[in-house]
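In: Let's see this in three dimensions:
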Amino acid sequence: MALIKSVRGFTPEIGENTYLADNATIIGDVVIGKDCSIWFNAVLRGDVNSIRIGNRVNIQDGAVVHTLYKKSVTVIDDDVSIGHNVVIHGAKIEKGALIGMGAIVLDHAVIGEGAIIAAGAVILSGTKVEPGSIYAGVPAKFVKKVDPEQSKEMNQKIAGNYLMYSDWFKQED
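Out: Sure thing, here's the model as predicted:
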């Protein structure tokens, strides 16, 4: 069973039909929408400020979501995929974005709708990633625009797959 812990008077709120892996950790001021999945060893640490997660979001194995005390919050909109071992720290991830494995997104960055952050990329504090673009590298830089329909189709497929995967685990419980 996932570790769900209250801190500073805040208790995490988990939306309906959301899958929490056995060793996922959700702490404090965290609100998760419906049809989400929080995978093995993922940590959502809303102890120092708020974390808000929309609907149909998947936060994959080993990801860490955190904020800065009194300085930043994390907002992850609907239909976002957060890859394995990603760090999101006090950033806004807009609808339909994909954050690749091992990427780091720092405080006050904004990842635009349908954008793709390549695996291993580092998005520096305050960076504004345009909607529908691909960023890669350390520090991450603009690579190219992506076809909005292609991006939407790919991201929705990943999100749909993670709903399917989470159903497999729910059937085993």
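
In: Residue ranges in this protein under the pLDDT threshold?
Out: 172-173 (pLDDT under 70).

In: Break down it into its helices, ranges please.
Out: 148-172 (DSSP state H).

In: which residue is nearest the centroid of it?
Out: Ile82 (4.2 Å; CA atoms, centre = their mean).

In: nearest residue to that one other than its sequence neighbours?
Out: Computed as CB to CB, 6 or more residues apart in numbering, the closest residue to Ile82 that is not its neighbour in sequence is Ile59, at 4.5 Å. Where you see a C-beta, it was placed from the backbone N, CA and C, and this is true even at glycine.

In: got a list of what the one you found touches?
Out: Cys36, Ser37, Ile38, Trp39, Ala42, Leu44, Ile53, Val65, Ile76, Ile82, Val86 (CB atoms under 8 Å, 6 or more residues apart in numbering).

In: Can you tell me how far it is from His66?
Out: 12 Å (CB to CB, to the nearest Å).

In: how many neighbours does Asp167 have?
Out: Asp167 is flanked by 13 other residues according to other CB atoms under 10 Å.

In: sorry, back to before: out of the contacts of Ile59, which comes closest to Val146?
Out: Of all the contacts of Ile59, Ile82 has the smallest distance to Val146: 18.1 Å, by CB to CB.

In: Does that closest one touch Ala63 like I think?
Out: Yes: the criterion here is CB atoms under 8 Å, and Ile82 meets it with Ala63 at 5.2 Å.

In: list the residues that contact both of those two?
Out: The contact sets of Ile82 and Ala63 overlap at Ile88 (CB under 8 Å, 6+ apart).

In: Let me see the contact set for Gln156.
Out: Gln156 makes contacts with Asp79, Gly96, as judged by CB under 8 Å, 6+ apart.

In: Asn23 contacts Leu3, doesn't it?
Out: Yes: if you go by CB under 8 Å, Asn23 and Leu3 touch, sitting 7.4 Å apart.

In: then the lengthiest strand in the chain to CSV, C-alphas only?
Out: Ranked by residue count and defined by DSSP state E, the top strand of the chain is strand 43-53. These are the backbone C-alpha positions of strand 43-53, laid out as CSV (Å, rounded to 0.1, in the frame of the first residue of the first chain):
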residue,chain,number,x,y,z
VAL,A,43,7.6,10.6,-4.5
LEU,A,44,5.2,13.5,-4.5
ARG,A,45,6.4,15.6,-1.6
GLY,A,46,4.0,18.4,-0.9
ASP,A,47,5.5,19.2,2.5
VAL,A,48,6.9,22.7,1.8
ASN,A,49,4.3,23.9,-0.9
SER,A,50,1.5,22.6,-3.0
ILE,A,51,1.5,20.1,-5.8
ARG,A,52,-1.6,19.9,-8.1
ILE,A,53,-2.0,17.1,-10.6
